[in-house]
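>>> Predicted model and sequence follow; I will ask about them next.
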Amino acid sequence: MTITSPEPAIVVNGLRKSFGDHVVLDGIDLDIRAGTIFSLLGPNGSGKTTTVRILSTLIPADDGEATIAGHDLKAEADGVRSAIAVTGQFSAVDKMLTGRENLLLMGRLNRLSRQDARTRAGELLDRFDLADAADKYTMTYSGGMKRRLDLAMSLAGRPEIIFLDEPTTGLDPRSRRTMWELIRELASDGVTIFLTTQQLEEADHLADRIALLDQGKLVAEGTPDELKSRIPGGHISLQFADQHQLEAAAEAVDDSTSDPEKLTLQVPSDGSVDLLRTLLDRLSGMPVTVEKLAIHTPDLDDVFFALTGHKGARQSEVISENATARK
């Protein structure tokens, strides 16, 4: 039996965009499989918003090619629009309408008949756990309910691809987890998710693949684990009761680094259980007691700062992207 990978949902080659003399996207390539969750990360002003606006047909690229759900981005823009939905950071919910009315409106905008729009609204209200509040004005909804309704509205036309920008901004931890579950369910149903987020934990939990964009260029791409494996710095931290025990342990463990003030010993680690077992076995025959033990493995924060090389965006980049968003 031959197992084939899913067909590509988004293919991008050499995408470029400038605003005046400032280059925002400098020839990026993407290949995103259908039914997967893809996350584009990067500092503010790195080009994330511009990428989404181009791929959703809101602004044109200066150069490059892209195919979205089988449609050429330039030649078949209407076909692209019919296959996608865009859910922005700020809710598109009309607070003067009920949840059901918002969904009916979106269904009609997607050219569903009145009956089909009512049927689809009912399905989405049930799926997103909003049926009990369906006929209440959305001004009374909590933040989590509004975000769920916002996502439900994106699905009224049964899109193949959803662009999600900061889907859990402002949500409490419980509501955020609920939103994550809904996003995973959509992907399992075959919907392709293009996620942009500033929350690295969110990308780590959700994304099948991540691309890191910095100053208009893709500097890394892979699964979360692949990206984290590129970054050194994993270690085991051991804390001892006194200076004497710390010094004894440091002499027995090669390549370790001690901190006399904190009475800790830091040992480089690849995160494997075998290395931890070997280390503890070596110390077990010595007159020392490990009072605390902590294991640190590189996370996406480490990846982000190591590969972007800076913690903030250049002011000119922020200005360019904000100017684009206002157009």
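Sure thing, it's come through. Residues are numbered from 1 along each chain as shown.

>>> CA atoms only for the helix or strand encompassing residue 107, dumped as CSV, please.
Per DSSP states H and E, residue 107 falls inside helix 99-109. In CSV, the C-alpha atoms belonging to helix 99-109 read as follows (Å, rounded to 0.1, in the frame of the first residue of the first chain):
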residue,chain,number,x,y,z
GLY,A,99,-25.4,35.1,16.9
ARG,A,100,-27.9,33.4,14.6
GLU,A,101,-28.4,36.6,12.6
ASN,A,102,-24.7,37.1,12.2
LEU,A,103,-24.4,33.6,10.8
LEU,A,104,-27.4,34.0,8.5
LEU,A,105,-25.9,37.2,7.1
MET,A,106,-22.6,35.6,6.4
GLY,A,107,-24.4,32.6,4.8
ARG,A,108,-26.3,35.0,2.4
LEU,A,109,-23.1,36.9,1.6
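
>>> Now do that helix, average pLDDT.
Averaged across helix 99-109, pLDDT comes to 95.

>>> Show me what counts as buried in that helix.
99, 100, 101, 102, 103, 104, 105, 106, 107 (16 or more other Cβ atoms under 10 Å). Bear in mind the C-beta positions are built from the backbone N, C-alpha and C, glycine included.

>>> and the longest helix anywhere in the chain, average pLDDT?
Ordering each helix of the chain by length in residues (DSSP state H) puts helix 173-188 first. Mean pLDDT, computed over helix 173-188, is 93.

>>> ditto for stretch 114-133
95.

>>> In it, which residues are buried?
Across stretch 114-133, burial judged by 16+ other Cβ under 10 Å covers 117, 120, 121, 124, 125, 127, 128, 130, 133.

>>> coming back round to it: which among the buried residues of helix 99-109 gets closest to residue 211?
Closest approach to residue 211 among the buried residues of helix 99-109 (Cβ to Cβ): residue 106, at 29.8 Å.

>>> Spit out the contact partners of the closest one.
153, 156, 157 (Cβ atoms under 8 Å, 6 or more residues apart in numbering).

>>> do that again at 7 Å, thanks
Residue 106 is in contact with 153, 156, counting by Cβ atoms under 7 Å, 6 or more residues apart in numbering.

>>> pLDDT score assigned to residue 30?
Note for residue 30: predicted pLDDT of 97.

>>> er, residue 79 I mean
The score at residue 79 is 96. That number is its pLDDT.

>>> hey, what's the residue nearest to it when sequence neighbours are not counted bridged with?
Take residue 79 and drop its neighbours on the chain: the residue closest to it by Cβ to Cβ, 6 or more residues apart in numbering is residue 71, 3.6 Å away. Beta-bridge pairing of residue 71 under DSSP bridges involves residue 68.

>>> And the pLDDT for the residue lying farthest from the centre of the chain?
Residue farthest from the centre of the chain, counting by Cα atoms, centre = their mean, is residue 287 at 47.4 Å. pLDDT, residue 287: 89.

>>> when you check the buried residues of stretch 114-133 against the helices, which ones overlap?
117, 120, 121, 124, 125, 127.

>>> and which of those residues is nearest residue 91?
Distances from residue 91 to those, taken by Cβ to Cβ, are shortest for residue 124, at 15.5 Å.

>>> quick one, what contacts the residue nearest to that closest one when sequence neighbours are not counted?
Nearest residue to residue 124, sequence neighbours excluded (Cβ to Cβ, 6+ apart): residue 152, at 4.2 Å. Shown in contact with residue 152 (Cβ under 7 Å, 6+ apart): 103, 124, 128, 130.

>>> List just the nearest of those residues to residue 37.
Nearest member of the contacts of residue 152 to residue 37, counting by Cβ to Cβ, is residue 128, at 17.9 Å.

>>> what's the neighbour count on the nearest residue to residue 198 once chain neighbours are set aside?
With Cβ to Cβ, 6+ apart as the criterion, residue 198 has its nearest non-adjacent residue at 6.7 Å, and that residue is residue 166. Residue 166 is flanked by 17 other residues according to other Cβ atoms under 10 Å.

>>> Please apply the same query to residue 180.
Per other Cβ under 10 Å, the neighbour tally for residue 180 reads 16.

>>> related to what we said a few turns ago, could you tell me the average pLDDT over the helix or strand containing the residue nearest to residue 124, please?
Using DSSP H and E, residue 152 maps to helix 143-154. The pLDDT scores in helix 143-154 average 92.
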